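Participant: Task: produce atomic coordinates for the following.
(chains A, B and C)
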Amino acid sequence: MQRFFTLTEAREKLVKKELSVTQLIEEAVTTINTTEKKLHAFNTLTLEQALEKAAKIDRQGTVKDIGPMGGIPIGYKDNFCTKGVRTTASSNILGNYIPIYNATVVDRYEKAGAISVGKLNCDAFAHGSSGENSDFGPTKNPWNLEYVPGGSSSGSGALVASGGAFLATGTDTGGSIRLPASFCGIVGLKPSYGRVSRYGIVAMTSSTDSIGCLTRSVKDAALALEVTAGKDIHDGTTVDKKVESYTSFCGKPVKGMTIGIPKEYFVKGIEKEVVDATEKAIEVYKSLGVKIKEVSLPHTEYATAVYYIVTPSEVSSNLARYDGVRYGYSDTEAPDMLSRYFNSRRDGFGAEAKRRIMIGTYALSSGYYDAYYKKAQQVRTLVCDDFKKAFQKVDLLLAPVSPTLPFKIGEKASDPLQMYLSDILTIAVNLAGVPGLAIPCGFAKGLPIGIQVIAPQFEEAKMFQAGYAYEQETKWHTMHPTLGENNGKK
Amino acid sequence: MVKNKEYETVIGLEVHVELATKSKMFCSCSADWFGEKPNTHNCPVCMGLPGALPVPNGKAIEMCVKVGLALNCTVAKESKFDRKNYFYPDLPKGYQISQFDQPLSVKGYLPLLLDDGTVKRIGITRIHQEEDTGKLIHSVVDGKKVSLVDLNRSGVPLIEVVSEPDISSPQEAKLFLQQMRQIVRYLEVSDGDMEKGSLRCDANISLRPKGDKKLGTKVEIKNMNSFRSVERALESEIVRQTSLLNEEKKIVQETRGWDEDKAKTFSQRSKEESSDYRYFPEPDVPPMLLTEQQLTNIKKEIPELGFEKYTRLQKEYGLSKKFAAILTESRNMAQFYEDAVSVLMKASKGTKEQAGKDVANWIVTGVMKYLNETGASIRELLVEPAELIELILFVRDGTVSQTAGAQILDEMLRTDKSARYIIEEKGLQQISGTSELEGIVDKVIREHPEEVKKFKEGKTQVIGFLIGIGMKESKGKANPQVLKGLFDKKLK
Amino acid sequence: MAKLTKEQVEKVAHLARIGLTLKDTKLFQEQLSDILTYVEKLNGVDTSKVSMTSQVTGLTNVFREDEASPSLSVEDVLSNAPKKKNNLFIIPAVFDQE
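Facilitator: The predicted structure is shown next:
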């Protein structure tokens, strides 16, 4: 069974022709067809097209010539625009929206030969930490179907963990890749802001949206970044820095590196299981010859507050285009334009989108701008400075991804503020634009736990180096859920 | 009875200029939208599709800076874009990318040339870069009143020039706009055409009792689509506000539209609700830092402007204010004029002033007349400066008369024939030989005994009439000096 | 932070063009107030000498060449239109509200 291969392993088999692309995609299709009923990872399936594409690749010859992702099944989070394939951002307001262009990242994956199996469920407009804010219903955690898979890239986490694909894209605005990776026991890559193009990805918080992926191994994530990173003329915030051979850093020794442990990340209320797993991870690094140093990121406690001003503000503006005029849900029977706006947006947006639009509109409105938006962006400067100072002393930072284990579906759904606090350990990274890599580090109560390795801006290579070393030492990434078929872990 | 107070008018203008770039402000769709089929100039960016991102057009920024420099502004070394958030169906993203607290240029002035030849400085508060909206068309579909959205114009680069409230009459407001148009045309950053909407204007107007320092309540006037309508709308608004003030009624701070047909302004909405634009820095576009070097390079590209030319032409060629204003109205006209003067200077003796005045006369009376009649622009002119000079030289050396010269110029302008060709084709050489002209003089004397009698009685001024008849007889070809000599001799 | 009034919530909803039911308004009064109270902790940070961070890349002067390239077909432009006719999007009649 190859469904639990890593991408790298699968590619090797394809290149050596031990496996045909059709065989690989057929197994993905079979897996998805059985798991999807339980998980609800997808909004739209493109399995037929995937099989056709696989057959075409097999007819044409060798995978090697096609590209580094030749024949590899991939799922796209449903906020990635895919030409001709419905893209909803899991919101009713885009329920029937068919993009007329591809996101740059989608183009890059396609050019590399990846085969899409479909569009993945997520919190609507990526607003959420659990996947429960999808207007189409929540995705389930493959390790325990009563639990959330983490969000907002909930479908991505569930798909990759359950063996439906080796790779799923995600967006990480405040933790939306790292959190589901951690809750699903897989690897989640949030690159530096500006490293990967945002063009064609439904915008949430323009200044923190990072485009990454969820995979089953660190090396797979490194490969995905090689394929997607780099300047895009359609995104003025992408940098023109060289894209390194990230995979070649997977395997380099980590001896002599210094990893900082930010003391503020062990917040009040953090669960013991999480602390224990993190401490074990620290021990693993020590055993590999890494120097461990406690560091301070003193403004961490303010990050969430900053985020919940900056994000809704930008969201209120980014979601203004959903006005029922050019595309998307529209009350076309409304008697006047004002009603068309009010009704289309009332019925098209879910509760969380509305909530964020409302907070943002309030925070930016006349008389409140200085107290909220300006203040938040000033404190953000201090959050950024914390990282700069810390990285003068250490190569990388290590911390838990979430203060808690995955929680039950419905547990936090009625209390938005409690939900917002799920991102308490991931948000600062987004505000500063630095990269983070979530890696599985153990289990408690049958549910996965993850740590994150955080690197200075644009120094993803180092992050992969350290992540890979840990992964190889621990093998948590080889554990797979059985979706309740039996309680075993393999 | 309360005696009506005298009021003075305070006007500030907000002028929008659409830039003549090839592509739009934030995407590579063609900016040449005017008259195109609806919704054919669009891409994900300018139609505000999910996921689309703006990348600014460097050329537009350069043009905006040019206008700033031309209007004597301080150009910001650090500048950025902001989002101006509001809902309107012609605004696809639900926000306009504009500039709020760091515009590209601030604090300048336009030296406004008034009709009496004096100059008044009108302060420029700021100039910023933004993007245009789409257009709404009002129509009836299936018996229902609807609006239709055309996004071709969406995202076309636009600059907004905001003046200080230094303008004190509708007439001045009109002149300000006309001179703004002249400047953007000199800079070649826009066609400045109000009818096409390339130049648009909103006006803030208030009245206050003469001598008062405090400004009155201002009213914003929109939809004025020509220079004339700006003047008329403001005049009508002054009348309205004056009568309200005289009746001791309050002026409401509001936006008013201009109804061209009824020649009245009308209330559109009060200010309070709409003004909360929730500006914040545009996260998708990195800030702009202008180096001294870049600024110097842009400065180099700024030509001598209309106002500078106007001053120089008076000094250099001794032109009247009126002629200087006419000849500098457009850059091409001024160029044509100065090219012609320099050709004439090379081809003949005489002072610069003589050449300058001579050429100015020919252009203002001949070329301008033709342009006004046909509506053609100086660019489309068939006559080159050197060709005009050839004609002037024919007149100067007596080959053709002044009268014939004017006819020849008219023909040159219409047909692209050279002066020499027309003279030969029509046999318009001036006749200066006494033997050829004696017959004509004799005929005139014979046929006008009354005038001859008057002349002999001492009313010598009648000779002008006789010369005129003689010129007519010769079909304009006779040399009037020679005619005069002959009459003098024969009537003595 | 005092609780947001009904009027404040309604005003914000109007600015954001979101139709609210009475129930929504009530719920938002609570939830927005909670969130805004939470973010008030920022007031404890001295930012008198701190500038804003709106972007984190350090990029400046990112410009595009002024070159026009072909636009989408009008069919593509209108492909998702809720209501259209003669290559235009149809909306209810709008008269200079703005």
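Participant: pretty sure C:Ile90 belongs to a strand, no?
Facilitator: Yes: membership of C:Ile90 in a strand is supported by DSSP: H, G, I helix; E, B strand; the rest coil.
Participant: Need the per-residue pLDDT for the residue lying closest to B:Pro303 once chain neighbours are set aside.
Facilitator: Nearest-residue entry for B:Pro303: B:Tyr186, 6.1 Å, with adjacent residues in sequence omitted and distances by Cβ to Cβ, 6 or more residues apart in numbering or on different chains. Using the backbone N, CA and C atoms, a C-beta is placed for each residue, glycine as well. For B:Tyr186, the pLDDT comes out at 95.
Participant: Was I right to think B:Tyr186 contacts B:Glu301?
Facilitator: No: using Cβ atoms under 8 Å, B:Tyr186 is not in contact with B:Glu301, being 11.7 Å away.
Participant: between these two, who's got more neighbours?
Facilitator: Taking neighbours as other Cβ atoms under 10 Å in any protein chain shown, B:Tyr186 and B:Glu301 compare with B:Tyr186 leading, 23 against 12.
Participant: residues in contact with the more buried one?
Facilitator: B:70, B:303, B:305-306, B:330-331 (Cβ atoms under 8 Å, 6 or more residues apart in numbering or on different chains).
Participant: Determine which two of these are furthest apart.
Facilitator: Spanning the widest gap among the contacts of B:Tyr186 are B:Ala70 and B:Ser330, at 15.1 Å by Cβ to Cβ.
Participant: neighbour-wise, which of these two wins?
Facilitator: B:Ala70 (25 against 17).
Participant: Name the nearest residue to the more buried one, sequence neighbours excluded.
Facilitator: B:Ile183 (5.4 Å).
Participant: Tell me the residues of chain C that contact chain B?
Facilitator: Taking Cβ under 8 Å from any Cβ of the partner chain as the contact definition, chain C meets chain B at C:14-15, C:17, C:52, C:54-55, C:57, C:59-69, C:71-72, C:74, C:77-78, C:85-98.
Participant: low-confidence ranges in the stretch 201-350 of chain A?
Facilitator: Counting by pLDDT under 70, the stretch 201-350 of chain A contains no low-confidence range.
Participant: does B:Ile205 count as helix, strand or coil?
Facilitator: B:Ile205 ends up strand, using three-state DSSP.
Participant: cool, and C:Val56?
Facilitator: Under three-state DSSP, C:Val56 comes out as coil.
Participant: How about chain A: which residue is closest to chain B?
Facilitator: Residue nearest to chain B within chain A: A:Ala320 (2.3 Å; Cβ to the nearest Cβ).
Participant: Relative to B:Gly94, how far out is that residue?
Facilitator: To B:Gly94, A:Ala320 is 2 Å away according to Cβ to Cβ, to the nearest Å.
Participant: Now do the shared contacts for these two.
Facilitator: By Cβ under 8 Å, 6+ apart, the residues touching both A:Ala320 and B:Gly94 are B:85, B:87.
Participant: Okay, helices next: where are they in the stretch 1-150 of chain A?
Facilitator: A:7-15, A:21-39, A:47-60, A:63-66, A:104-111 (DSSP state H, counting those that start in this stretch).
Participant: If you could redo that for chain C, that was the one I meant.
Facilitator: C:6-15, C:22-39, C:74-77 (DSSP state H).
Participant: phi, psi of C:Ala93?
Facilitator: The phi and psi values for C:Ala93, taken as degrees, to the nearest 10, are phi -60, psi 130.
Participant: Kindly provide the distance from B:Leu104 to B:Gln294.
Facilitator: Distance from B:Leu104 to B:Gln294, by Cβ to Cβ: 12 Å.
Participant: and stretch B:160-171, which residues are buried?
Facilitator: B:160-167, B:169-170 (16 or more other Cβ atoms under 10 Å in any protein chain shown).
Participant: Skip the chain neighbours and tell me the closest residue to B:Val452.
Facilitator: Closest to B:Val452 by Cβ to Cβ, 6+ apart is B:Ile445, at 5.6 Å.
Participant: count of neighbours near that neighbour?
Facilitator: Neighbours of B:Ile445 using other Cβ under 10 Å come to 18.
Participant: Does chain C have contacts with the helix or strand containing B:Leu13?
Facilitator: Per DSSP states H and E, B:Leu13 falls inside strand B:7-18. No: using Cβ under 8 Å from any Cβ, strand B:7-18 stays clear of chain C, with a minimum separation of 14.3 Å.
Participant: go on, stretch A:184-191?
Facilitator: No: legend: contact between stretch A:184-191 and chain C by Cβ under 8 Å from any Cβ is lacking; minimum distance shown is 12.2 Å.
Participant: so how far is A:Ser422 from C:Gln55?
Facilitator: On the measure of Cβ to Cβ, C:Gln55 and A:Ser422 end up 26 Å apart.
Participant: So those two - more neighbours on which side?
Facilitator: A:Ser422 (26 against 22).
Participant: Next one: that one relative to chain C, how far apart?
Facilitator: For A:Ser422, the distance to chain C equals 14 Å [Cβ to the nearest Cβ, to the nearest Å].
Participant: ditto for B:Arg121
Facilitator: Relative to chain C, and taking Cβ to the nearest Cβ, B:Arg121 is found at 33 Å.
Participant: And for A:Trp476?
Facilitator: On the measure of Cβ to the nearest Cβ, A:Trp476 and chain C end up 31 Å apart.
Participant: cool, and B:Gln314?
Facilitator: B:Gln314 is 37 Å from chain C, by Cβ to the nearest Cβ.
Participant: and if you look at A:Gly324?
Facilitator: 6 Å.
Participant: That residue and A:Asp347 touch, don't they?
Facilitator: No: contact criterion Cβ under 8 Å: A:Gly324 and A:Asp347 do not qualify, at 9.6 Å.
Participant: So those two - more neighbours on which side?
Facilitator: Taking other Cβ under 10 Å, A:Gly324 and A:Asp347 do not tie; A:Gly324 has more neighbours (26 against 14).
Participant: How about the contacts made by that one?
Facilitator: With Cβ under 8 Å, 6+ apart, A:Gly324 has these contacts: A:330-332, A:340-341, A:343-345, A:348, C:82.
Participant: same check, this time on A:Ser91
Facilitator: A:124-125, A:135, A:348-350, A:353.
Participant: sorry, back to before: would you mind putting the contacts of B:Tyr186 into a markdown table with distance to A:Lys56, pLDDT and secondary structure alongside?
Facilitator: Formatted as a markdown table, the contacts of B:Tyr186 follow (distance: Cβ to Cβ, whole Å; pLDDT from 0 to 100; DSSP: H, G, I helix; E, B strand; the rest coil):
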| residue | distance to A:Lys56 | pLDDT | secondary structure |
| --- | --- | --- | --- |
| B:Ala70 | 59 | 97 | helix |
| B:Pro303 | 60 | 94 | coil |
| B:Leu305 | 63 | 94 | coil |
| B:Gly306 | 65 | 92 | helix |
| B:Ser330 | 62 | 90 | coil |
| B:Arg331 | 60 | 92 | helix |
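Participant: Of those residues, which is the nearest to B:Met412?
Facilitator: Checking the contacts of B:Tyr186 one by one against B:Met412 (Cβ to Cβ), the nearest turns out to be B:Ser330, at 20.4 Å.
Participant: which phi and psi does that closest one have?
Facilitator: Taking degrees, to the nearest 10 as the convention, B:Ser330 sits at phi -130, psi 160.
Participant: who's in contact with A:Ala221?
Facilitator: A:187-189, A:212-213, A:215, A:437, A:464, A:467.
Participant: Out of those, name the ones that lie in helices.
Facilitator: Short answer: the contacts of A:Ala221 in helices (DSSP H) are A:464, A:467.
Participant: From the contacts of A:Ala221, which land in strands?
Facilitator: Within those, residues falling in strands by DSSP state E are A:187-189, A:212-213, A:215, A:437.
Participant: the more surrounded of B:Leu104 and B:Gln294?
Facilitator: More crowded of B:Leu104 and B:Gln294, by other Cβ under 10 Å: B:Leu104, with 22 against 17.
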